[in-house]
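No sequence on hand, only this structure:
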């Protein structure tokens, strides 16, 4: 009997006006059943508490679940003795369902990219982060998938992007359920804290990639 999960169809990205250069937003990225599979998978046991997006400036921690790749961003990995590498096979071993989603991404919105890291963050009320970048490489990108079934504007949790001087907001992205956001890893950004009235964990799935030069 074939017990393999059904394919996770990914919407084809279309140009969206008003986005900064290098940004892509895909709404209704996968069908409803696939979204539920991904969210259920992310909601299982295996979370660890104590992660910070910026160890130098973050005062509070949040939940984190690592699936594949180096656990550190590329600009701190050498200091920790690690290195960035293509972690596609590792993701297959650790989370086949997420590997399937990555395969869809690498064939559409992230064609020509190699996968360096895959992980999920869980942010409850009181776990505010600080502005940071994901990379120092102009070839790096981050894809964020918002897997929630529903989200309310009063719950906060927007992903906010700043100019390089961090003196003004460039764009703020609402964590709309089943939305896929792709942006250059060198852009300063922060996940704004969720409000006191938010009844759920703000869960995001990240694919960190590098555009392959030909």
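Okay, I see it. Nothing here was measured: the structure is a model prediction, and the numbers come from that model.

burial of the nearest residue to residue 138 once chain neighbours are set aside, as a residue count?
Among residues not flanking residue 138 along the chain, residue 186 sits closest, at 6.3 Å (CB to CB, 6 or more residues apart in numbering). Heads up, the C-betas are built off the backbone N, CA and C, glycines and all. The tally of other residues near residue 186 (other CB atoms under 10 Å) stands at 18.

again with residue 137
16.

Then residue 128?
16.

for residue 101, same thing?
Neighbours of residue 101 (other CB under 10 Å): 26.

Tell me if it really is in a strand.
No. With DSSP: H, G, I helix; E, B strand; the rest coil as the criterion, residue 101 is helix rather than part of a strand.

So which residues of the protein form strands?
24-26, 48-51, 62-69, 113-123, 140-146, 159-162, 169-173, 179-184, 189-191, 202-211 (DSSP state E).

ok, of the ones you listed, where does mean pLDDT dip lowest?
Note on the strands of the chain: lowest mean pLDDT is at strand 48-51, with a mean of 56.

and residue 145, what does it touch?
29, 38, 101, 179, 180, 181, 204, 205, 206, 207 (CB atoms under 8 Å, 6 or more residues apart in numbering).

which residue sits closest to the second one, ignoring its sequence neighbours?
What it means is residue 38. residue 147 (5.1 Å).

Give me the below-cutoff pLDDT ranges for this structure.
The model of the chain has pLDDT under 70 over residues 1-15, 48-63, 73-82, 214.

rewinding a little: can I get the strands of the chain in TSV including distance to residue 92?
Formatted as TSV, the strands of the chain follow (distance: least, CB to CB, whole Å):
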stretch	distance to residue 92
strand 24-26	23
strand 48-51	22
strand 62-69	8
strand 113-123	11
strand 140-146	18
strand 159-162	28
strand 169-173	29
strand 179-184	21
strand 189-191	28
strand 202-211	14
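
that older thread, contacts only, for the residue nearest to residue 138.
133, 134, 135, 136, 137, 138, 140.

List just the nearest of the residues you listed to residue 47.
residue 134 (20.7 Å; CB to CB).

Quick check, that closest one in contact with residue 208.
Yes. If you go by CB atoms under 8 Å, residue 134 and residue 208 touch, sitting 6.4 Å apart.

from the contacts of residue 186, which single one is nearest residue 94?
The nearest member of the contacts of residue 186 to residue 94, counting by CB to CB, is residue 134 at 20.8 Å.

that older thread, kindly reformat the contacts of residue 145 as JSON lines containing distance to residue 89.
Formatted as JSON lines, those follow (distance: CB to CB, whole Å):
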{"residue": "29", "distance to residue 89": "24"}
{"residue": "38", "distance to residue 89": "20"}
{"residue": "101", "distance to residue 89": "15"}
{"residue": "179", "distance to residue 89": "28"}
{"residue": "180", "distance to residue 89": "23"}
{"residue": "181", "distance to residue 89": "26"}
{"residue": "204", "distance to residue 89": "24"}
{"residue": "205", "distance to residue 89": "19"}
{"residue": "206", "distance to residue 89": "19"}
{"residue": "207", "distance to residue 89": "15"}
